[in-house]
Structure formats: structure tokens, C-alpha cells
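S.K.: output the structure for:
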Amino acid sequence: FGGGVAFGIVLWQLFGSEVVEVANGTLRRLVRIGSVATTREYDLSQVKLLRVQTLDAASAQAARWVGMPFGRTAGPVVFDYGYRTVRFGSYVDDAEAKGIVELLAPFLPDEGRAR
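M.R.: The predicted structure follows:
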């Protein structure tokens, strides 16, 4: 099991990418490792409190070393969606995360923007 996780981490670091797109009232997050990809789509009208949330020290260290965009330590860009909290932006520092939030904010309804 550990070997499989290590192999996945190496593949992510060599061939991984995370893309966020906004179009037609939808925020789409695509995570790709080589030719294998997963996509999640979110209705922008349901996105609440888009913000930057700095990771605690242990989570930030794990995210830097592992960097895989899965699980709770997947990045500092955060929003609420229904009863879930969605994170993205692995390998993004806080300053870059603020820029991402500023770019996405005009596409959101007022309640989608953190104050």
C-alpha cells in the first residue's frame, strides 16, 4: 500500500496538474495525472464564502511534500458548497491564492464572496 502511495506521489509531482475553469455558471476543477483525470463541477450560484484559508503548520508541510490535490490538505483556496468545504490550489502559496480568489470573485453572486 505504501509503495502505491509513493508511486502516486511521484506521478503527481512529475505529470500532475490542477486546472480551474469558470464557464456557463459553473466552476470546474480538473485534476489530471498524465492522461488520467477527474473533474468536479460546482454551480456558481451555490458557491459560498470563497476565501483563502491558511493551512495549519502540519497540513502545510504535508501539502508541500506530498502536494497531491486530494483530501483536506489540497490547498488554501476554499469555498463552502452545500454542507461541504471544498479546497483546491495545491502548490499555491497564500499570495497566489489571494490572486485566484480575486480573479474568481466577479463570477460569484454576492453571498459567494467572503468579506
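S.K.: roughly how far apart are the most centrally placed residue in the chain and Gly82?
M.R.: Taking CA atoms, centre = their mean as the criterion, Phe88 is the residue nearest the geometric centre of the chain, at 0.8 Å. Per CB to CB, to the nearest Å, Phe88 is found 16 Å from Gly82. The C-beta positions use only the backbone N, C-alpha and C, and glycine is treated the same way.
S.K.: could you count how many residues lie near Tyr83?
M.R.: 5 (other CB atoms under 10 Å).
S.K.: and it, its phi and psi?
M.R.: The phi and psi values for Tyr83, taken as degrees, to the nearest 10, are phi -100, psi 20.
S.K.: do the same with Phe15
M.R.: Torsion angles, degrees, to the nearest 10, at Phe15: phi -130, psi 10.
S.K.: quick one: contacts for it?
M.R.: Counting by CB atoms under 8 Å, 6 or more residues apart in numbering, Phe15 touches 33-34.
S.K.: what about the residue nearest to the centre of the chain, distance to Ala6?
M.R.: For Phe88, the distance to Ala6 - CB to CB - is 23 Å.
S.K.: Val52 now?
M.R.: For Val52 relative to Ala6 (CB to CB), the value is 30 Å.
S.K.: now Val47
M.R.: Distance from Val47 to Ala6, by CB to CB: 34 Å.
S.K.: check Phe107 too.
M.R.: Applying CB to CB to Phe107 and Ala6 gives a distance of 38 Å.
S.K.: where in this structure is pLDDT low?
M.R.: 55-73, 111-115 (pLDDT under 70).
S.K.: repeat the analysis, applying 50 as the threshold.
M.R.: Applying pLDDT under 50 to the chain picks out residues 71-72.
S.K.: residue boundaries of the strands in it?
M.R.: 16-23, 26-33, 36-43, 47-52, 77-81, 84-88 (DSSP state E).
S.K.: ok, which of those strands comes nearest Ile100?
M.R.: strand 77-81 (5.3 Å; CB to CB).
S.K.: related to what we said a few turns ago, can you pull up the bridge partners for the residue nearest to the centre of the chain?
M.R.: Val77 (DSSP bridges).
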